[in-house]
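1. No letters, just coordinates:
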């Protein structure tokens, strides 16, 4: 069927002529299906995209303007857009599924490894604190476990600020020497 005949059929389809639609379908369905199959590479999806394309033709035939191009190029453009939309939709769905799976799995793994790491750090610190002098241990506990500033530790213990800084510095050095794994963690 030539372009002029397809244009006439499409203008009749725009008026709701079912016979014209059937003729138009018969004349173009192989090309439309071929277009969608090249893009989608899946016969089932291609059949759906072809069906959606012809539904769009039936509903929107009045929007076709012969001055913009042939009826065949118009329907092939519709088919190509439907196929590309399907690819994008499937691709997005796959990305969302993969991202959800990774996020869900990653979170469980991260929580477990973080929990193990926190317990190991706590064990190392507890072991190291036992090796400190009582004055060093008290200053470090107030600063790091109770969140006091050096000045607040100084006031709490009633000793000079430089003394508190020295105790904490010396205590941390001793912690790193006593617990070698602690230096790698902190």
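-> On my side now, so go ahead. All figures in this text were calculated on a predicted structure; none of them were measured in a lab.
2. From now on I want contacts and neighbour counts done on CA atoms only, so please keep to that.
-> Will do.
3. Toward the C-terminus, what is the element adjacent to the strand or helix carrying residue 11?
-> If you go by DSSP states H and E, residue 11 is part of helix 3-13. For helix 3-13, the following helix or strand on the C-terminal side (DSSP H and E) is helix 18-40.
4. angle of the helix or strand just after that following helix against helix 18-40?
-> Sequence order places helix 43-60 as the next helix or strand after helix 18-40, per DSSP H and E. Here helix 43-60 runs at an angle of 140 degrees relative to helix 18-40 (axes from the mean of the first three to the mean of the last three C-alpha atoms, to 10 degrees).
5. hmm, back to that, same for the helix holding residue 11, what does it pack against?
-> Packing contacts for helix 3-13, counted by 3 or more C-alpha pairs under 8 Å, 6 or more residues apart in numbering; DSSP states H and E, involve helix 18-40, helix 71-130.
6. Give the buried residues for the first one.
-> The neighbour-count check on helix 18-40 (16 or more other C-alpha atoms under 10 Å) flags 20-21, 23-25, 28-29, 32-37, 39-40 as buried.
7. same check, this time on stretch 51-69
-> In stretch 51-69, counting by 16+ other C-alpha under 10 Å, buried: 51, 52, 53, 54, 57, 58, 61, 64.
8. And these, which is closest to residue 80?
-> residue 53 (9.0 Å; C-alpha to C-alpha).
9. Excluding sequence neighbours, find me the nearest residue to that closest one.
-> Nearest non-adjacent residue to residue 53, counting by C-alpha to C-alpha, 6 or more residues apart in numbering: residue 79, 5.5 Å away.
10. any idea which of the buried residues of stretch 51-69 is closest to residue 142?
-> Distances from residue 142 to the buried residues of stretch 51-69, taken by C-alpha to C-alpha, are shortest for residue 52, at 70.7 Å.
11. ok, back up a step: of all the buried residues of helix 18-40, which comes closest to residue 88?
-> residue 40 (10.3 Å).
12. In contact with that closest one, which residues?
-> 46, 83, 84, 86, 87 (C-alpha atoms under 8 Å, 6 or more residues apart in numbering).
13. residues contacting the third one?
-> Spelled out, that is residue 84. Contacts of residue 84 by C-alpha under 8 Å, 6+ apart are 39, 40.
14. and if you look at the second one?
-> Neighbour list for residue 83: 36, 39, 40, 46, 49 [criterion: C-alpha under 8 Å, 6+ apart].
15. Residue 172: neighbour count?
-> 19 (other C-alpha atoms under 10 Å).
16. relative orientation of the helix or strand harbouring it and helix 71-130 in degrees?
-> Assigned by DSSP H and E, residue 172 belongs to helix 161-178. On the basis of the same axes, to 10 degrees, helix 161-178 is oriented at 100 degrees to helix 71-130.
17. Name the residues that touch helix 161-178?
-> 125, 128-129, 131-133, 135-137, 139-140, 150-151, 153-154, 182-183.
18. No further questions, thank you.
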